[in-house]
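# Mind looking at a prediction? Sequence and model below.
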Amino acid sequence: MRRLRRCKIVATLGPASTAEGMLAKLFQAGVDVFRVNMSHTSHDNLRKHVAAIRAVGDQFNRPACVLVDLQGPKLRIGTFVTTFVDLLPGARFTLDSNPEPGDENRVFLPHPEILSALRPGHTVLIDDGKVRLHVVEADSQHAVAVVDIGGSISNRKGVSLPDTEIAVSAMTPKDHSDLEAALEIGVDWIAASFVQRPEDVAEIKAIVDGRALVMSKIEKPQALTRLDEIISLSDGLMVARGDLGVELPLEKVPGIQKRITRRARRQGKPVVIATQMLESMINAAMPTRAEVSDVAQAVFEGADAIMLSAESAVGKYPIEAVSFMDRIASEVETDPLYRSIINAQRAQPEPTAADAIAVAARDMAETLELKAVVAWTSSGSTAFRIARERVGPPILALTPHIETARRLAIVWGVHPLVTKDAEDVDDMVDRACVTADSEGFAEAGDRIIIIGGVPFGERGGTNMMRIALLKREDDVISSAPLPDTPLLD
């Protein structure tokens, strides 16, 4: 299961991917992280999915990561007397607090928090933006709007509000219940939907309390105004381009994707690019050229992971979709331009020992053409910092904690492995050499760089770096001393 591809692949579970034997086939095809969408998953099925994913990880002796995606608040209109109505451009249409079925003039909006937040000039989008209105009058009981783009709308269609910050938590009662179920099972990442402000992230992290890592989905324009604060509080980011493309002009989304990717990397937080990456493969065995280019651009930009949604959940060709993603990412990473683009985006290190060592390790690994960077890590933070540098050699993260290994499976370039903690410096170096050899990243005569911390077993104590030469005697790999071996402690 050695993978030289640095960018990771996330696949969403669904009927197409949960059939007998499919998880193992997807894992072999290149999936690093399995996403469970709680919009369509019961707690019983969540438990079954996680158990099956863990079994696949055990089968291949490789950490299999589980990302649970919370549904978040779903804003919808009420019902109509005639099931649907046609709204004509220029017509006036009212959203109000009256629960009676609507008509071509009005409809119930069962969200008083929206009516309280709407103001004249605000845009209202219905049914993923197919119908667009702008508000001309508003109070706490109703909002009168003028139709800009007309069309048919039917019962309980979704409402999007690109100009309105709603004073409501990103966590619904359903999300609270789903989150507790996911944490009880022991999932690795929680994706928080419809984050608008850093307080939304803080609320979820307070509940999670370190039992998983929290990924903020950026799908609301309001989140962009406080993006750096949201990134700082989050453990990772997801660029949810579907909802961003509804609430923002489509032509703005590519630039926003690049800015989020770069700003997340600057803070050393993994970023996932999601939605419609190989959309045509829901029904076709081959992607379009535009889709291939879209995936490639995300990889060129240095995204930690690229994600399949409906392609792997309900598509006809889930394995082929994963295989194409794997091939595209692998091809990009061998392109002569790739390394220069990645290097040009490097951020300044923070004034910490961990960052200084990560930068020094990167420089030495590339200058000396070392075969691997081996990071001993308890919490995973050392591997996160090295990954931020987008080093040339692969990153082997050795940890005594299976939870840490699973969480690192989504991080760029990291090959996580579970092993007992090092007993001393010699043990740390020797076992790093043995692991680099056994995992196929180096062999006798190659050099690697090892990063760790003393005293061993303490979190956040990265303070040591050593270069080692792999030697083989009597078919046993160990380290050989180098006369110029650098050592920091």
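Okay, I see it. Small disclaimer: the values here were computed from a predicted structure and weren't measured.
# going forward, measure contacts and count neighbours with C-alpha atoms only.
Fine.
# if I look at the closest residue to residue 13 other than its chain neighbours, how far off is residue 479?
In space, and not counting its chain neighbours, residue 13 is closest to residue 313: 4.8 Å by CA to CA, 6 or more residues apart in numbering. Distance, residue 313 to residue 479, using CA to CA, to the nearest Å: 46 Å.
# per-residue confidence for the residue nearest to residue 13?
In this model, residue 313 is scored at 96, pLDDT.
# repeat for residue 368
Residue 368 is given a pLDDT of 93.
# just residue 332 next, same as before
Here the pLDDT value assigned to residue 332 is 98.
# Where does it sit: helix, strand or coil?
helix (DSSP: H, G, I helix; E, B strand; the rest coil).
# can you pull the contacts of it?
296, 299-300, 338 (CA atoms under 8 Å, 6 or more residues apart in numbering).
# List the neighbouring strands of whichever strand in the chain runs longest plus their orientation.
Counting by DSSP state E, the longest strand found in the chain is strand 464-473. The strands beside strand 464-473 in its sheet (DSSP bridges) come out as strand 447-452 (antiparallel), strand 476-480 (antiparallel), strand 487-488 (antiparallel).
# Surely residue 137 is within a helix?
No: going by three-state DSSP, the assignment for residue 137 is strand, not a helix.
# which ones are touching the nearest residue to it once chain neighbours are set aside?
Counting by CA to CA, 6+ apart, residue 144 is the residue found nearest to residue 137 once chain neighbours are left out, at 5.0 Å. Each residue near residue 144 by CA under 8 Å, 6+ apart is listed here: 92-95, 135-138.
# repeat that for 10 Å
Counting by CA atoms under 10 Å, 6 or more residues apart in numbering, residue 144 touches 92-96, 105-106, 119-120, 133-138.
# Equivalent analysis for residue 159, please.
Taking CA under 10 Å, 6+ apart, one finds 74-77, 109, 124-129, 131 in contact with residue 159.
# which one among these gets closest to residue 250?
residue 129 (11.3 Å; CA to CA).
# Could you double-check that that closest one lies in contact with residue 160?
Yes: at 7.5 Å, residue 129 counts as touching residue 160 under the criterion of CA atoms under 10 Å.
# can you list residues touching both of those two?
Common neighbours of residue 129 and residue 160 (CA under 10 Å, 6+ apart) are 243, 246-247.
# on that earlier part again, can you tell me which of the strands paired with strand 464-473 is most buried?
Comparing these by mean neighbour count (mean count of other CA atoms under 10 Å), strand 447-452 ranks first with a mean of 26.
# re the thing from before, out of the shared contacts of residue 129 and residue 160, who's nearest residue 362?
residue 243 (36.9 Å).
# Number of residues surrounding the closest residue in space to residue 294 that isn't next to it in sequence?
Using CA to CA, 6+ apart and skipping residues adjacent in sequence, the residue nearest residue 294 is residue 277, 6.7 Å away. For residue 277, the count of nearby residues is 26 (other CA atoms under 10 Å).
# tell me the pLDDT at residue 277?
The model reports residue 277 with a pLDDT of 97.
# Assign residue 295 to helix, strand or coil.
Following three-state DSSP, the label given to residue 295 is helix.
# Quick check, it in contact with residue 331.
No: taking contacts as CA under 10 Å, residue 295 lies outside contact range of residue 331: 11.2 Å.
# Comparing those two, which residue is more hemmed in?
Using other CA under 10 Å as the criterion, residue 295 and residue 331 rank with residue 295 on top: 22 against 14.
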